[in-house]
Structure formats: structure tokens, C-alpha cells
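Novice: Below are the sequence and a predicted model for it; my questions follow.
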Amino acid sequence: MIQPHFDEKLNLTTYVCSDQVTAEDIEEQVRALYRGTPSLNALWDFTEADVSNLSPADISRVAQQVKSTSHSRAGGKTALVFSTTTLTAMGTLLESISEIEVPDAKIKIFNDLNAGLAWINS
């Protein structure tokens, strides 16, 4: 499950992910983000989520979706935050995420929510 929260002051949408998260769940939220005027920044909180069913192909598909729409968030930042345990277990999935290149926005992976938020606000 993914619950989005928008903070107008920070121009930030935070996605709180819990339980089993699928590529379809993520794609649905990305579509919703880009339907109107998207927030400049996004923080995806996967610290309480189970991402074990995501594959490198899923990440590639989500990345292509983001790349095709990222021009509307030029200059924006996206922080992906996972628990340390999840990051340790992610292996090739983490490699797939690290290969995402979006020319109009920056993406960075963290294991701490405060660090991810601080980077977005820097």
C-alpha cells in the first residue's frame, strides 16, 4: 500500500509505503503525480514496505515511465528511503535502481528518512 502526502510549503510529495509494494502500485502513484502539476520533490518511504517481489524488470519499467514525464519536474529531487535490512537484501534490485538516470531530476537512495529529507531541502 502507498499513501501519498503533499506538503505545499516544501513542494514535496511523500509516499509512505507499507506491506507488499508492487511495481503496479508505484506506477499508479507516478501516474497520479504527473496528472496535474507535480510537486517538485518526492520522498518515497519504503522503510516499512516489503519490496521482495519487485524485479529489475519492474524497476526498469517504472524508470521508463518516470523518464518520459520527468521534464515537468525539472530541477526536482527524489529520495528513495529503505531500511538498512532491506538495502542489504536488495542485491540486483539496488543495482537496477542505481542505474536510473533522469536528466531533469536527481534521484538518490538513503537508509534514513531525515537524511533523505535534508538532501531534498539542500
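Specialist: Cool, the structure landed. Quantities reported herein were computed from a predicted structural model and do not represent experimental measurements. Numbering: from 1, shown residues only.
Novice: Give me the next element, helix or strand, following the worst-scoring helix or strand of the chain on mean pLDDT.
Specialist: Least confident helix or strand, the chain: helix 92-98 with a mean of 69, by mean pLDDT, DSSP states H and E. Downstream of helix 92-98, the first helix or strand assigned by DSSP states H and E is strand 105-110.
Novice: in its sheet, what does that following strand sit against?
Specialist: Strand pairing for strand 105-110, using DSSP bridges, gives strand 76-81 (parallel).
Novice: these two touch, right, Cys17 and Met1?
Specialist: Yes. Between Cys17 and Met1 there is a contact under CB atoms under 8 Å: 7.2 Å. Placement of C-beta: from N, CA and C, glycine included.
Novice: In terms of pLDDT, where does Ala115 sit?
Specialist: pLDDT for Ala115: 97.
Novice: pLDDT weak spots in the protein?
Specialist: Applying pLDDT under 70 to the chain flags residues 70-72, 94-96, 98-104.
Novice: what does stretch 106-114 rub up against?
Specialist: 43, 45, 47, 76-84, 87, 94, 97-98, 100, 116, 119 (CB atoms under 8 Å, 6 or more residues apart in numbering).
Novice: Could you identify the buried members of these?
Specialist: 43, 45, 47, 76-82, 87, 94, 97, 100, 116 (16 or more other CB atoms under 10 Å).
Novice: which two in those are spaced the farthest apart?
Specialist: Gly76 and Leu87 (23.1 Å; CB to CB).
Novice: in the chain, which spans are helices?
Specialist: For the chain, the helices defined by DSSP state H occupy 23-35, 56-69, 84-90, 92-98, 113-121.
Novice: Tell me which of those approaches Ala105 most closely.
Specialist: helix 56-69 (8.2 Å).
Novice: Quick one: list the elements packing against the closest one.
Specialist: Where contact means 3 or more CB pairs under 8 Å, 6 or more residues apart in numbering; DSSP states H and E, helix 56-69 is packed against helix 23-35, helix 92-98.
Novice: Take these and write them to TSV, including distance to Glu8.
Specialist: As requested, the helices and strands packed on helix 56-69 are exported to TSV (distance: least, CB to CB, whole Å):
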stretch	distance to Glu8
helix 23-35	15
helix 92-98	28
